[in-house]
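Q: Just the structure for this:
(chains A and B)
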Amino acid sequence: MALAAPINQPVVQEDAEVFSKVTAWKRFRRHKLAMAGVVVLAIMVLAAVFAWKLAPFDPNFIDEVHWQGNPVPPCFVNAAQCGGHFLGLDENGRDLLSRLMFGAQISLTVAVSAVIMELVLGTLLGALAGYYGTVTLSWKRFSWGLAIMLLWLALVTGAGAVAGYLIARYFPLQTGGGLTQLIILTLLGAKIAFDIVKNIPPKPPARIVAVTVAGAAIGCLAALLLPGKPLALDVMIIVGVLYGGLVGFQFGLGIQRVDHVIMRVTDVFLSIPLLPLLLVLTGIVAASSTKAALSFETIVLIIGGLSWPSVARLVRATYLSLREREYAEAARAVGNSDLRIMLRHLLPNAMAPITVQATLDVANVIILESVLSFLGFGIQPPTASWGSMLANAEANLQDQWWVAVFPGLCILVTVLAINFIGDGLRDALDPNAIR
Amino acid sequence: MRRTFQAVPLLLLISMILFLIIHNAPGGGLGPYLQNPHITPADIARLKHNLGLDKPLPVQYVTWLGQLLHGDFGYSTSNSEPVFNAIVERLPSTFLLMGTAYFIAIVIGVSAGLFAAVKPYTTWDYLITTFAFFGQSMPVFWLALMLQLALAVHGVPLPFGYIIQLPSAEISSSDTFSLSDRISHLILPATVLAFLNIALYSRFMRSSMLEVIRTDYMRTAAAKGLSFRTILFKHGVKNAMIPLVTVTALTLPALFGGAIVTESIFAWPGEGRLFITALGQEDIAILLGFLMINACLVVFFNLFADVVYAWLDPRVKYE
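A: Coordinates of the predicted model:
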């Protein structure tokens, strides 16, 4: 269609205008509810960011002067009793308004962090799957590929385990601080990713040597980094299996088949109901050590780690159509690497649906976190989050209704605002939108 | 057909992942026993041996899978009965709750969506759309709390608590069964669940109907001189319902899986509450069974939705 139009026709210019950010913003501004959503969300974010300045009390401070075991209602209910606590005290005698503000910090940060994690994972895997996607695979080729892959896996894991064992046996070094470990593991990850995207040595004998040495090196590193033999051995084997599996996959089946693998994984995760799985995982973490282990980071990791498949599917579908465009072809013809085309040329054009999805997912994660916290498997007291503030509200519903009403109202208003924004973005960014 | 075959490795993979996750739980299924001071380490060892928990994990997995294929989901430690029985026992009450809620949601949601699509961009349309947004953004447990609060303040005599008889007790003493009691307990949780799903159906119906209204065959029908009512219901709704049927098929797993949050707040003796209780008591057999059954249902109803869609809409073809 675009090819049929001569280059300097006004049609093309109009097209360019439709996709520009300015028109998108103009369209977004016309969506009144979305603009209201922006205002409400901005207020919430500001209250959260400046909670340390704005909040009238410390969120964990128990006002024993006014709190004698009797409920202290909000000021607009009973100005004489409230004792300067605008929204009253909660069921433990802490200032409700301050807790709401600090709760906003946690709830919003959890949601945003989890969505960022989900976006990074989902976009990366979805882009890989979509860019290389839909290469059909005969059963014969698949079986051969699988055999080759398993061979590589055994080779690399074996080399890693032997090398690591020898190191741990003869040089029992007690090294490895947190930071060095992190840096080296990051480098290792980068190296693996690099190996996968680039085809390392072209000729089979050189390949075997290179990859086996890499496996052995991983084993040595693991042994050096992790004090204590059994753990190091475990890690070596895990890393060996991962690395060997990836390298074997690359050589056996080829990166073109990455789509099949990623899509099967998304199938699995999208088939298991999300909330029960989240509850089981957080329950396991809580039972493994103490409930306090359910920290902010754990919740983010679990939610983000489980919700990327839907993003991956979306990105894959977008990439499947984008890779056929002329500019992708042109970029390939000029000699750009696949990775560069994926990130520099296709990603900016896939941003519209990703942005909409991300916005709506922030809303969903806020609700998800509140449900987890409400059921006692999320953020743990005394840390305030909107969900955890409601965890005890049910028991005190009759005599301290404000403890139940306000945190939920915050969730509702924020989620509503974000959903309106998402709706506005969908209309604004959709080039085919009618109206 | 090909997709049916693809479901088998998918289910295998799901079972493998679920098994691995659950068996990572501390205590490995014996959590409640480990904390009991009356049970000696020797007893634990014997229990482990009898339950096959001392075998390597892959062996355990294969054994479990074999049992699963025979419909044996293991033994629930907290309920002291086979998992399968515990789950089947709760099925009628979950079915009652979810069935009522979805029935209400579909009836109201579809008619609201239809109404909004027939009069698009009017005040009514905006009202319905805004209402749908509220349903989408409402934390379910909070809505439940607020309903309880409102009813408590205004003194409407609706019981929030248990259905008088648990389904297990009901079989023996069916004389205590009372319909009015059932209904009065059903109203709140069903309303809450319906409210959340009305949004889904009305938004879907609206966009689907708007698409249909703009089609050529609708204009042709109007040109033939058919009445508005005939066009709308005979030509419009029929076609607009096709994608809706798929959405409904995809929500069917919930009919069996129950609603965890709503059931636990309203103390409804269904599958969701069974799950949350099992979670609190580290009863991994129930957790595993629940997750596995629900994943199977999702896979099955996904296939079902595709089949129904292809059957209803002859334009769709799967190889």
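
Q: Is residue A:301 within a helix or a strand, and which one?
A: Per DSSP states H and E: residue A:301 is located in helix A:296-322.

Q: what's the next secondary structure element after that helix?
A: helix A:326-334.

Q: Next, the angle helix A:296-322 makes with that following helix.
A: 90 degrees (axes from the mean of the first three to the mean of the last three CA atoms, to 10 degrees).

Q: any idea of the mean pLDDT for helix A:326-334?
A: Across helix A:326-334, pLDDT averages out at 89.

Q: now the very next helix or strand once past that helix: mean pLDDT?
A: Downstream of helix A:326-334, the next assigned helix or strand under DSSP H and E is helix A:338-340. Computed over helix A:338-340, the mean pLDDT rounds to 82.

Q: Buried residues of helix A:338-340, list them for me.
A: Buried residues in helix A:338-340, defined by neighbour count with 16 or more other CB atoms under 10 Å in any protein chain shown: residue A:338. Any C-beta I mention is one placed from the backbone N, CA and C, and that applies to glycine too.

Q: Starting from it, tell me the next helix or strand along the chain.
A: Remark: after helix A:338-340, the chain's next helix or strand is helix A:347-374, criterion DSSP H and E.

Q: So is the helix holding residue A:301 next to chain B?
A: No - if you take CB under 8 Å from any CB of the partner chain as the test, helix A:296-322 misses chain B, and the best it gets is 10.8 Å.

Q: So which bits of that helix are buried?
A: A:296, A:298-304, A:306-320, A:322.

Q: Also stretch B:117-132?
A: Quick answer for stretch B:117-132 (16+ other CB under 10 Å): B:117-118, B:125, B:128-129, B:131-132.

Q: and the helix holding residue A:301, average pLDDT?
A: On average, helix A:296-322 scores 90.

Q: repeat for stretch A:74-81
A: 73.

Q: Likewise for stretch B:134-148?
A: Mean per-residue pLDDT for stretch B:134-148: 89.

Q: same thing with stretch A:415-427?
A: What stretch A:415-427 shows for mean pLDDT is 92.

Q: Residues contacting that stretch, please?
A: With contact meaning CB atoms under 8 Å, 6 or more residues apart in numbering or on different chains, stretch A:415-427 is reached by A:27-28, A:31, A:33-38, A:40-41, A:44, A:355-356, A:359-360, A:362-363, A:366-367, A:433, A:435, B:133-134, B:136-137, B:139.

Q: Which of the three states applies to residue B:205?
A: Classification of residue B:205 using DSSP: H, G, I helix; E, B strand; the rest coil returns helix.

Q: Look up which helix or strand the nearest residue in space to it that is not next to it in sequence falls in, please.
A: Among residues not flanking residue B:205 along the chain, residue B:113 sits closest, at 2.7 Å (CB to CB, 6 or more residues apart in numbering or on different chains). Per DSSP H and E: residue B:113 is located in helix B:83-118.

Q: Pull up the gap between residue B:194 and chain A, please.
A: Distance of residue B:194 to chain A, given as CB to the nearest CB, to the nearest Å: 18 Å.

Q: Contact partners for residue B:68?
A: Counting by CB under 8 Å, 6+ apart, the residues that residue B:68 touches are B:15, B:292.

Q: From residue B:295, how far out is it?
A: Shown here: residue B:68 relative to residue B:295, a distance of 12 Å by CB to CB, to the nearest Å.

Q: now swap in residue B:142 and tell me
A: Separation of residue B:142 from residue B:295 (CB to CB): 28 Å.

Q: what about the two, which has more around it?
A: Between residue B:142 and residue B:295, counting by other CB atoms under 10 Å in any protein chain shown, residue B:142 is the more crowded of the two (28 against 25).

Q: Tell me the secondary structure at the more buried one.
A: Residue B:142 falls in the helix class when you classify it by three-state DSSP.

Q: Might you report the residue contacts of the residue lying closest to it once chain neighbours are set aside?
A: For residue B:142, ignoring the flanking residues on the chain, the nearest one in space by CB to CB, 6+ apart is residue A:408 at 3.3 Å. Residue A:408 makes contact with A:386, A:390, B:139, B:142, B:145-146, according to CB under 8 Å, 6+ apart.

Q: if we take the residues you listed, which one ends up nearest to residue B:221?
A: Using CB to CB, residue B:139 is the member of these that lies nearest residue B:221, at 43.6 Å.

Q: So the closest one sits against residue A:369, correct?
A: No - Residue B:139 lies out of contact with residue A:369 (CB atoms under 8 Å); the separation is 10.1 Å.
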